[in-house]
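1. Show me how the following folds:
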Amino acid sequence: MSELNVIHNVEQKQFEAHLDSYTAELSYRLNGSVIIFTHTGVPPMLEGRGIGSLLVKTGLEYAKENNLKVQSLCWFVSGYLQRHEEYQNLVA
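-> Presented below is the predicted three-dimensional model:
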């Protein structure tokens, strides 16, 4: 999925991946120095391609680069965090 570009839509507070006529998104909100991931949405036509994981990784890298702690209200983000120890230090 490296050819897929993830865009940080600051106004909408989400990371987005556009493929064909579909948009997958990772939504968040900021609370001081904490980024709270609220929802990962991947259209059914795009499922199974690793797009959700790419969105979450991009969001977590953004958190790391900006010294933000992470909270997850999204089962997909929580699962990703459990599988990737390298991001455990970001968890608030």
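2. Next, the contact list for K69, please.
-> When contacts are counted by Cβ atoms under 8 Å, 6 or more residues apart in numbering, K69 touches S33, V34, I35, A63, L90, V91, A92. Heads up, the C-betas are built off the backbone N, CA and C, glycines and all.
3. contacting residues around stretch 72-79?
-> The contact list for stretch 72-79, computed with Cβ under 8 Å, 6+ apart, reads L26, I36, F37, T38, H39, T40, G52, V56, G59, L81.
4. Name the member of these with the most neighbours.
-> In terms of neighbours by other Cβ atoms under 10 Å, the contacts of stretch 72-79 top out with L26 at 30 neighbours.
5. Contact partners for that one?
-> By Cβ under 8 Å, 6+ apart, the residues touching L26 are 14-16, 37, 39-41, 52, 55-56, 58-59, 77.
6. Looking at the contacts of stretch 72-79, which is nearest Q71?
-> Nearest to Q71 among the contacts of stretch 72-79 is I36, at 4.5 Å by Cβ to Cβ.
7. To which secondary structure element is the closest one assigned?
-> Counting by DSSP states H and E, the element that carries I36 is strand 34-41.
8. average pLDDT for that strand?
-> On average, the pLDDT along strand 34-41 is 98.
9. thinking L68 is in contact with G32, fair?
-> No - applying Cβ atoms under 8 Å as the test, L68 and G32 come out as separate, 9.1 Å apart.
10. These two: which has the busier surroundings?
-> L68 (21 against 7).
11. For PyMOL, what selects the buried ones among the contacts of K69?
-> The buried residues among the contacts of K69 can be selected in PyMOL (16 or more other Cβ atoms under 10 Å) with this line:
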select buried, resi 35+63+90
